[in-house]
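S.K.: sequence-free structure coming up:
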């Protein structure tokens, strides 16, 4: 089954430039944490204080070590790759090592880098640029099982929850694939489709392409995008929901989030039971038996005692497992998912 | 208020090439019917049997008559402009007349046409190509009133219903603007945004741009796109719904349509009261008081007696005006809209 998705070859060298602090290098920490087996090296400019704890390599070392892809693993500083990072990236590309980045400024628009990649036989992979041959969604039911993260808003832990649930399923030797829908997720997974960057008519087609037919006992764990409650990105979220045809959803939330962020207007987040009900109504257009497998909540601002009380009360109210994916883990959600699917 | 939308200057010459029949020239008939005041001429190849009843003009005549835009007013034949149409289009562009089309093959990708337009100082306007500076949706409430067409599926009469409602409001001297969201609508309106062609992250931003702040007593009558029930295009529909922030919706339907077309799977159209309820739930995220102003149904397959019975029964069940926009007209929906807004 041909997947028209972006794809990165391991092993990786994580490129940090002179990222000033841990916050700017979150992408690098994410890749190193979730895909330690794919990360063989890091490369930094002399002034860089961030250290992912990976072996430091020169370009010659990287070639010798068989590095396949150098990933610019730093959050966009204004979405641009600084000019003073280019000499190292050019040297990598000229040596035949693919370069991948998720910046607004595209690698493929940088003439020096393009020339070096042509010379070295390397690919320049802009993970924010979707494949250009995506189909329109067909709505055809697919084999295999799928669970999709949905959020009460953007940036409430959908990617983390998906990766943690995927890891929990793998720990149990259940066949499972993490399906990435955003740039950082794609860098972690090594493949995926930046669903918010496709042309509107092809959102659900992209989602269908991302999680194709599979074995009956295989789970796709699909990273969400946006939120049905966020008026800026709800279209992306609904296209992803309908195209994913999920057997189950996991609702992701942040306890601090009482209203949708980064919008101008009155957008309170409704009670979570109403949110779940609304998502399931929509999900059932393409998957009649879709159910909610649990709620994954960032409660990092609570102490342990308060967290346990909050999650316990919510769990009783909803009749669903309620977890903090870091503090308490995804085991209860995995149990509920596997028992009910 | 700058509108980053596509814009066509009148008067128009409608270009028909050698369109083989009325069906292929539906776009031309639509423009000539809804915007007779903007249409001054037609141009055809000798073999063309279609006649819109407009004055036939040569390029010299068109220049003399002050024609501003030549619109390729024929449905895509495989989405391509045939090579043998090009000499006339090149002659028009070289004479300084803008050329507009909604084909998959872009005017701006045709070297001969591009050279002629540069020479003549004409624009080549691909109405399927959205502006490239659209913002992300903000969710800010806007002044003025809006009514959005929503459909039980694609191709159930949303554009026709919007144009007919707009005409009915104008007839009553109510300030109103038809807002086009698709290629044919844009050609009729002379401006608009092809909402299904924007990048997914910008759907609601495009919808916000399309219907900006306005006078308190001004109505935007917004053409819909896709359907929340159609798994291929539901993301487009939700982004348009949230970005439009409609005071009211009009549900458009075709009595022959019992399930969603052009998909592979089981997608029955639910009872219309359930459809309306589902749309309003979603609409109220950005417009708390959104209501349904009526149902506009294509009943062309029914005889008059059967139609009256069907619409009367449905109107009693829903407690909303139910019309056929051609057979019975939009007057009851306009009445209900203005009384309740």
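M.R.: That came in fine, so what should we check first? In this text the structure is predicted, and so the values were computed from the model without any measurement.
S.K.: Could you pull up the residues touching residue A:101?
M.R.: A:71, A:72, A:81, A:107, A:125, A:126, A:127 (CB atoms under 8 Å, 6 or more residues apart in numbering or on different chains). Heads up, the C-betas are built off the backbone N, CA and C, glycines and all.
S.K.: Repeat the analysis, applying 6 Å as the threshold.
M.R.: Residues near residue A:101 by CB atoms under 6 Å, 6 or more residues apart in numbering or on different chains: A:72, A:107.
S.K.: Same check on residue A:123?
M.R.: Each residue near residue A:123 by CB under 6 Å, 6+ apart is listed here: residue A:98.
S.K.: where in chain A is pLDDT low?
M.R.: Scanning chain A for pLDDT under 70 picks out the ranges A:1-4, A:76-77.
S.K.: tell me which parts of it are close to chain B?
M.R.: A:136-141, A:196, A:198, A:200-201, A:203-204, A:231-232, A:234-236, A:238-239, A:242, A:263-265, A:286 (CB under 6 Å from any CB of the partner chain).
S.K.: In terms of residue numbering, what are the domains of chain A?
M.R.: Here the domain parsing of chain A from automatic domain parsing is A:6-126, A:145-340.
S.K.: Go through those and name the closest to residue B:111.
M.R.: domain A:6-126 (23.1 Å; CB to CB).
S.K.: related to what we said a few turns ago, just the buried ones from the residues of chain A next to chain B, in ChimeraX syntax?
M.R.: Buried residues within the residues of chain A next to chain B, by 16 or more other CB atoms under 10 Å in any protein chain shown, are selected in ChimeraX with:
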select /A:136,137,138,139,196,198,200,201,203,204,231,232,234,235,236,238,239,242,263,265,286
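S.K.: Next step: the residues of chain A next to chain B restricted to helices.
M.R.: Of the positions in these, A:203, A:204, A:234, A:235, A:236, A:238, A:239, A:242 sit in helices, assigned by DSSP state H.
S.K.: what's the farthest-apart pair in those?
M.R.: Across these (CB to CB), the longest gap, 13.9 Å, separates A:204 and A:234.
S.K.: In contact with the residue most central in space within chain A, which residues?
M.R.: Of all residues in chain A, the one closest to the mean position by CA atoms, centre = their mean is residue A:185, 2.6 Å from it. Each residue near residue A:185 by CB under 6 Å, 6+ apart is listed here: A:159, A:192, A:223.
S.K.: how about a cut-off of 10 Å?
M.R.: Under the criterion of CB atoms under 10 Å, 6 or more residues apart in numbering or on different chains, the neighbours of residue A:185 are A:30, A:34, A:127, A:158-159, A:162-163, A:178-179, A:191-195, A:222-225.
S.K.: So residue A:5 sits against residue A:192, correct?
M.R.: Yes. Using CB atoms under 10 Å, residue A:5 is in contact with residue A:192, at 5.8 Å.
S.K.: neighbour count winner among the two?
M.R.: Between residue A:5 and residue A:192, counted using other CB atoms under 10 Å in any protein chain shown, the more crowded position is residue A:192 (28 against 21).
S.K.: what's across from the more buried one in the sheet?
M.R.: Beta bridges link residue A:192 to residue A:6 when assigned by DSSP bridges.
S.K.: ok, now residue A:42?
M.R.: residue A:14, residue A:56.
S.K.: got a list of what it touches?
M.R.: Residue A:42 touches A:12-16, A:25, A:28, A:32, A:48, A:50-57, A:70, A:73, counting by CB under 10 Å, 6+ apart.
S.K.: List the residues that contact residue A:310.
M.R.: Residue A:310 touches A:255, A:297, A:299, A:302, A:322, A:324, counting by CB under 10 Å, 6+ apart.
S.K.: and these, which of them are in helices?
M.R.: Among the contacts of residue A:310, no member falls in helices (DSSP H).
S.K.: wait, which of the residues you listed is closest to residue B:100?
M.R.: Nearest to residue B:100 among these, with distances taken as CB to CB, is residue A:297, at 51.5 Å.
S.K.: Report the beta-bridge partner residues of the closest one.
M.R.: residue A:253.
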